Every structure is written in C-alpha cells, then in structure tokens.
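Colleague: Just to be clear, the model below is a prediction. Sequence and coordinates:
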Amino acid sequence: HSVGIIGAPFSKGQPRDGVEKGPDLIRAAGLVEKLKAQGCAVRDYGNVTFEEVANDEPIGNVKRPRAVGSANQRLSAAVHTVKNDGHTCVMLGGDHSLAIGSIQGHAAAKKDLSVVWVDAHADINTPLTSPTGNIHGQPMSYLIHELQSKIPVLPNFSWIKPCVSAKDIVYIGLRDVDPEEHHILKLLGIKVYSMTEVDRLGIAKVMEETCDYIFSKVKKPIHLSYDIDALDPSISPATGTPVVGGLTYREGIYITEHISQTGLLSAVDMVEVNPKRGRTDDEISSTVNAAVDLIRGCFGKLREG
Ligand SMILES: CN[C@](CCCC[B-](O)(O)O)(CCN1CCCCC1)C(=O)O
Ligand SMILES: [Mn+2]
Ligand SMILES: [Mn+2]
Ligand SMILES: [Mn+2]
C-alpha cells in the first residue's frame, strides 16, 4: 500500500473547539510509524493551512459558510495532488464538513466513486433542512447529483461540483438521523445499514452486502468516510456528537479489514476526533488509538498477524 496523509486541522463545520487538534493527535499516536511497520510506503503531506475568514455571518441556516467553503477548496486541491501522486489518500480531520473537499478532490482525480459512509449520522441535511445550521451535518448534500436542486448559492461554495450518485452510496452505523434526512434517504433510495441492520444481520453480512451492492455494476474506487462517532462512545467518547448504541471496536475494525481486502480503497477520511470532549486522558487516548487502528485496518493490518 502506498499512503499519502493530509492533516486538516479545521473545526468550523460545527461549534465545538478542539476537533482541529485531531490530525496532530493521531500523528502523535504513531500512525506513520505503525503504517510503515506493516509494510506501507507512507508520505505525510503535512497539514493544510486554512485562511482566517472575518465576518462569516450565517446565511439562512448555514453557519460559517465562507470559512467552510474556503477550507474545503484548499483541501480539495491537496487531496487531488495526493491522488495524482498515486497514493491512497488519508485525510485526518477536523470535523466532517471536510468530506466536501476530500470527496471533491478525490473525484477530480478518479471520476466515478463509490462512497461508504460510516457514521452515527447521515450528514445529508441540506441548508434548508438542517436543524442546527452546522455544516458537518450537511456535507453529503453538496456532493450528490440528485440533491443539487435543493442547494442554494453559498459564498465560497461555487467551486463545488456534485460528483456522487445516490446509487453509489452506502451508509453503515446510522442511529441518529433527523426526520428530513430520513426523508431524503428514502426519496433517493440510498442504501442504509443502520445499527438495526448491524444487529439483525451481523457486521460480516453487512459488509458482504455492502460490497455486493457497490460492486453490482462496475467496480468503482472506494471513498471511505469514517466518522469516529460511528463507534460506541464507550470506545470513542472524545468526539463532538456521541450517540449511544454504536459499533463495537471489533465491528469498526471489521469494516476496515473488509474494505481493505477489496483492493479498491482509494481514499479514507478519519474525522471528528476532539480531545476537548474527552473527560480524562484515557478517554482521549482510547478515541485516538481507535482512529489509528481503524486506519491501520484500511491498509492491510490483520488481527490474525
Ligand atoms: C443529526 N444531525 C445533526 C448532527 C450532525 C452530526 C455531524 B457529524 O459529522 O458528527 O456526523 C444533529 C441535529 N440534532 C441536534 C440535537 C437536536 C436534534 C437535532 C445536525 O446538526 O445536522
Ligand atoms: Mn501495506
Ligand atoms: Mn457523526
Ligand atoms: Mn459525520
């Protein structure tokens, strides 16, 4: 595996400070060394620098639009470069609004993508449906072809081109979905494995069906967008929007092991690690170490040795 790492120390897609510390915390836990130890070639491209945006007043129900738009445009360029250099891209967040730039930059290099979104949340609110205005709950809406008629013009968002089809998306881990998001998921017929399906089918069957589904037509490169809050808060409490009843550590790792074995993983986001949301050092390290282990699973680390 050839891996290119990008840090995106950004927090303005949501209101809680600390998530911008994610990239350097994950590095400090030894990500690069551990990937090299398992046989990966690794290049760390460092952290994207983001411009300060003054007077970033909300637009309707969208908070910090100018900062989020600008940050994602820069991230998009960085991801595009990593892909053009021939690596599988690892984007370390930062909040989940960064999936806008990560998927956009990936699609610029790889055209047709399938997206596996592992999260307690669907992050598919439009600016008009979002109950909070926080863009980390909206990224998918800016990327999906079928939703573009629902997206208003926003400053610093005009560079975004919808690049994902509803049929090429699979959600895993959902358990806190807003009513309007649920309506959108149903309307678009998007494949969802909520925690109910994880309980009913078991994670092995969920992954088998996920791969059958995304590979049923032509095999597309996979963009895995992993929100650490997909895991149960007993494993990853240091995150902005924890929700009980999440994936076990084993289920979370199984997902990455299975995706790795497809040989089609082309980019992965690891987002929403927020040290300030951990009450103890143990809570922070449990969260950060889970993030590192999940990424290692993406690149061939097997529990059997
Ligand atoms: C479920 N939608 C939320 C959360 C988005 C989480 C983003 B992620 O990146 O962490 O997944 C929450 C909306 N609820 C907040 C509490 C009251 C009910 C609405 C939103 O703000 O859109
Ligand atoms: Mn490898
Ligand atoms: Mn989430
Ligand atoms: Mn998310």
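Modeller: Arrived safely, thanks for sending. Ligands and ions are numbered 1, 2, ... in the order given.
Colleague: To what extent is the residue of the stretch 51-200 of the chain found nearest ligand 1 buried, counted in neighbours?
Modeller: Of all residues in the stretch 51-200 of the chain, the one sitting closest to ligand 1 is G137 (2.4 Å; C-beta to the nearest ligand atom). To be clear about C-beta, it is placed using only N, CA and C from the backbone, and glycine gets the same treatment. The tally of other residues near G137 (other C-beta atoms under 10 Å) stands at 25.
Colleague: what's the answer for F157, then?
Modeller: F157: 22 surrounding residues under other C-beta under 10 Å.
Colleague: and the closest residue to it other than its chain neighbours, how many residues sit next to it?
Modeller: Spatial nearest neighbour of F157, excluding adjacent residues (C-beta to C-beta, 6 or more residues apart in numbering): G69 at 4.5 Å. Neighbours of G69 under the rule other C-beta under 10 Å: 24.
Colleague: which residues touch the closest residue to the residue of the stretch 51-200 of the chain closest to ligand 1 other than its chain neighbours?
Modeller: Of all residues not flanking G137 in the chain, N125 sits nearest, at 5.0 Å (C-beta to C-beta, 6+ apart). When contacts are counted by C-beta atoms under 8 Å, 6 or more residues apart in numbering, N125 touches P131, G137, Q138, S141, D178, E180, E181.
Colleague: Which one (most neighbours) among the residues you listed?
Modeller: Q138 (27 neighbours).
Colleague: any idea how far that one is from ligand 3?
Modeller: 12 Å (C-beta to the ion, to the nearest Å).
Colleague: Do you know the pLDDT at that residue?
Modeller: Note on Q138: pLDDT of 98.
Colleague: returning to what we had before: I'd say the residue of the stretch 51-200 of the chain closest to ligand 1 and T126 touch.
Modeller: No: the criterion here is C-beta atoms under 8 Å, and G137 misses it with T126 at 10.2 Å.
Colleague: Mind listing what's buried along stretch 283-303?
Modeller: Buried positions in stretch 283-303, judged by neighbour count with 16 or more other C-beta atoms under 10 Å: 283-284, 286-299, 301.
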